[in-house]
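Trainee: I would like the atomic coordinates for the input below:
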Amino acid sequence: MGYCPDASTGYEARPPRPDELDEISTLVTLCELADLGEKMITREDIRSLWAQPNFELARDAVVILDQRRIVARADTFRTRVEMSIHPEVRGRGIGTWLLRWSEDRGRAKGDGKVRQTLLDRATEAGRCSGPMDTNLVI
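Mentor: The predicted model follows:
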């Protein structure tokens, strides 16, 4: 899959754990404030997604960790992908890896193309989409 977060890159990819909800929610808020200037997704929104009957936390979500913390996350639900990448680690291929992961997960579930919604203010995220099998909705 090209770039792959693993020990050799200083990053690790794995499914999130339920006890990491607060840390993930904090990351999402940090990214939204940096990108949009406002908080849109709440801790409860994330918890509610994780509780959906067709959502498997161990298969439909992923976090990227450095040695100390979660620095990125993505989840897929039906044909939609949501992701957040800490501003300090952007530009290192993590977003590309997350998009490829989400495409692979969508195909495995039979969803075909996945869609990522980007607000027009989130211009940084739009640059990482590249020629992938993802529909960006701006």
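
Trainee: all strands in the protein, in order from the N-terminus.
Mentor: Counting by DSSP state E, the chain has strands at residues 12-14, 61-65, 70-77, 80-85, 114-117, 134-137.

Trainee: partners of the first one in the sheet?
Mentor: With DSSP bridges as the test, strand 12-14 is paired with strand 61-65 (antiparallel).

Trainee: Which residues are in contact with the closest residue to Thr42 other than its chain neighbours?
Mentor: Taking CB to CB, 6 or more residues apart in numbering as the measure, Thr42 lies nearest to Ser25, with 7.3 Å between them; neighbours along the chain are not counted. For the C-beta atoms, the positions are set from N, CA and C on the backbone; glycine is no exception. Each residue near Ser25 by CB atoms under 8 Å, 6 or more residues apart in numbering is listed here: 41-43, 46.

Trainee: Hmm, Leu98 is touching Val71, no?
Mentor: No. The pair Leu98 and Val71 fails to qualify as a contact (CB atoms under 8 Å) at a distance of 11.1 Å.
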